[in-house]
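Visitor: following is a predicted model, sequence given first.
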Amino acid sequence: MNDNPPFAGEEVAARLLAWYGRCGRDLPWRRTREPYRIWLSEIMLQQTGVSTVIPYYERFLQRFADVQALAAASVDEVIELWAGLGYYSRARNLHAAACQVVAELGGRFPADLQDLMALPGIGRSTAGAILSIAFDKKAPILDGNVRRVLIRLYAVDEPPRAAAVEKLLWQRAEALTPAERPHDYAQAIMDLGATVCTPRNPDCSTCPLAALCQANRLGLAEELPRRQPRKPVPLVRQVALLLERDGEFLVSKRPLQGMLAGLWEFPCRQLTEGQAAETAIDELLVELGLPGRLRELGRVRHAYSHFRLEVAVFQVVVDDGLVGGQIAEGEPSVWLPPAELAGLALHGAHKKVRALLASPD
Ligand code: SF4
């Protein structure tokens, strides 16, 4: 790591601000400085790209125009509107933070780093983005885009998540953030990472920082940041049952805590090590009080951040009299026709299971 880069920090801000004036993106959350809207956009953008976020952001604002409306909703409503954006803990934290802002802060977002970080789902970088964009305060951000730009700008040729690198990047981010126009600077450096200094094929020839950038000078732009060695991702196997009665299918809501909380799914069971799908589905049938052996309808695959899931899907049609006593009506399990399944907040893997209903081959 070069501790004495051959350029002044002020020059970086000046170049970025000039470039942003010409090339900054016109995004819905750029037309406001309202802390509620900035916070909402920053939470949505934490793990999701701009083009995916825009329609969700607009739907959320139509349904929840302000933090009071969001706090007054149920967490179920929020999760339903969030369905498809992934990383659902963000939706639960969003609702919890809205309730806290309304109940404890009179409905006003705090303009202080520590107070913002005390709200659920707001880390240091998100707090910095809210402070700089909504309140025009000098506060550094270090999201994925900014991290990549800084690693290249200073040619940090070390594991990007190492504690020493993390510390240095925060110091650099702080030193570069200008006292004048911090809200424009924050958006400029995020835009540069998203549109020019991209993960692959950075466009150094059009970059306003090209003359300063150490990675560009050393021919390392494509190489940095160094990839973290990947851990093998385990495979989890599951069986799922499309259980049909009078044209309706049984679905259950997952608990409100834990992974995929509050989302819906078909009856399912995880396979044990070496267990055949047929054995597991037989056990599930016994559990549901249903007789018989089923035909496998197909398989679906879904990737999560820390494991891959393979689901063997079976279908059976039963008469009313054959439905076992284990299947309780009402929450959290209900029978729904395909038209209602289409609008249900199933989790991603079971959306793919549902799709097999339309194409059973
Ligand atoms: S010159 Fe290239 S590597 Fe350096 S900041 Fe610009 S786009 Fe990124």
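Guide: Thanks, I have it.
Visitor: pLDDT on whichever strand or helix holds Gln68, on average?
Guide: Using DSSP states H and E, Gln68 sits within helix 67-72. Averaging the model's pLDDT scores along helix 67-72 yields 98.
Visitor: buried ones in the very next helix or strand once past it?
Guide: Once the chain leaves helix 67-72, the next helix or strand it forms, by DSSP H and E, is helix 75-82. The neighbour-count check on helix 75-82 (16 or more other C-beta atoms under 10 Å) flags 75, 78-82 as buried. Using the backbone N, CA and C atoms, a C-beta is placed for each residue, glycine as well.
Visitor: for stretch 200-218, same thing?
Guide: For stretch 200-218, burial by neighbour count (16+ other C-beta under 10 Å) applies to 202, 204, 207-210, 212-216.
Visitor: output the lowest mean pLDDT helix or strand found in this structure.
Guide: The least trusted helix or strand in the chain, going by mean pLDDT, DSSP states H and E, turns out to be helix 277-287, with a mean of 87.
Visitor: ok, then the element right after that helix?
Guide: Later in the chain than helix 277-287, the nearest helix or strand by DSSP H and E is strand 295-303.
Visitor: so in that sheet, which strands flank that following strand, and in what orientation?
Guide: strand 308-317 (antiparallel) (DSSP bridges).
Visitor: from the middle of its chain, how far away would the least confident helix or strand of the chain be?
Guide: With C-alpha atoms, centre = their mean, to the nearest Å as the basis, helix 277-287 stands 34 Å off its chain's centre.
Visitor: who are the packing partners of that helix?
Guide: strand 235-245, strand 268-270, strand 308-317 (3 or more C-beta pairs under 8 Å, 6 or more residues apart in numbering; DSSP states H and E).
Visitor: run through who's touching it.
Guide: 237, 239, 241, 267-269, 271-272, 291-294, 296, 312, 314, 316, 326 (C-beta atoms under 8 Å, 6 or more residues apart in numbering).
Visitor: what do you get for stretch 180-191?
Guide: By C-beta under 8 Å, 6+ apart, stretch 180-191 touches 13, 16-17, 19-20, 23-25, 30, 33, 128-129, 132-134, 136-139, 141, 143, 145-146, 149, 176-178.
Visitor: for His350, find the nearest of the helices and strands packed on helix 277-287.
Guide: Each of these has some distance to His350 by C-beta to C-beta; the shortest is strand 235-245, at 6.7 Å.
Visitor: for the closest one, packing partners?
Guide: strand 248-253, strand 268-270, helix 277-287, strand 308-317, helix 348-358.
Visitor: ok, and for the very next helix or strand once past the fourth one, which residues are buried?
Guide: Later in the chain than strand 308-317, the nearest helix or strand by DSSP H and E is strand 333-336. Within strand 333-336, the residues that qualify as buried by neighbour count (16+ other C-beta under 10 Å) are 334-336.
Visitor: what's in contact with whichever helix or strand comes after strand 333-336?
Guide: Where DSSP H and E defines the elements, the next helix or strand beyond strand 333-336 is helix 338-342. Here helix 338-342 makes contact (C-beta under 8 Å, 6+ apart) with 247, 249, 251, 354, 357.
Visitor: so Leu70 touches Phe64, yeah?
Guide: Yes - Leu70 is within contact range of Phe64, at 4.1 Å (criterion: C-beta atoms under 8 Å).
Visitor: can you check which of the helices and strands packed on helix 277-287 gets nearest to the ligand?
Guide: Among those, strand 308-317 comes nearest to the ligand, with 32.3 Å by C-beta to the nearest ligand atom.
Visitor: kindly write the PyMOL command that selects the buried subset of the contacts of helix 338-342.
Guide: In PyMOL, this line selects whichever of the contacts of helix 338-342 come out buried by 16+ other C-beta under 10 Å:
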select buried, resi 249+251+354+357
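Visitor: who's in contact with Glu222?
Guide: Neighbour list for Glu222: 200-202 [criterion: C-beta under 8 Å, 6+ apart].
Visitor: ok, of those, which one's closest to the ligand?
Guide: When those are compared against the ligand (criterion: C-beta to the nearest ligand atom), the nearest one is Pro202, at 3.8 Å.
Visitor: avg pLDDT for stretch 195-214?
Guide: Averaging pLDDT along stretch 195-214 yields 97.
Visitor: from the middle of its chain, how far away would that stretch be?
Guide: Computed by C-alpha atoms, centre = their mean, the separation of stretch 195-214 from the middle of its chain amounts to 26 Å.
Visitor: just stretch 122-131 next, same as before
Guide: Distance of stretch 122-131 from the chain centroid (C-alpha atoms, centre = their mean) equals 16 Å.
Visitor: CA-only coordinates of that stretch in CSV, if you can.
Guide: Extracted C-alpha coordinates of stretch 122-131, given in CSV (Å, rounded to 0.1, in the frame of the first residue of the first chain):
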residue,chain,number,x,y,z
ILE,A,122,-28.1,1.1,9.1
GLY,A,123,-24.3,0.5,9.1
ARG,A,124,-21.6,3.1,8.8
SER,A,125,-21.6,3.4,5.1
THR,A,126,-25.4,3.7,4.8
ALA,A,127,-25.4,6.3,7.7
GLY,A,128,-22.7,8.2,5.8
ALA,A,129,-24.8,8.2,2.6
ILE,A,130,-27.9,9.5,4.5
LEU,A,131,-25.8,12.2,6.2
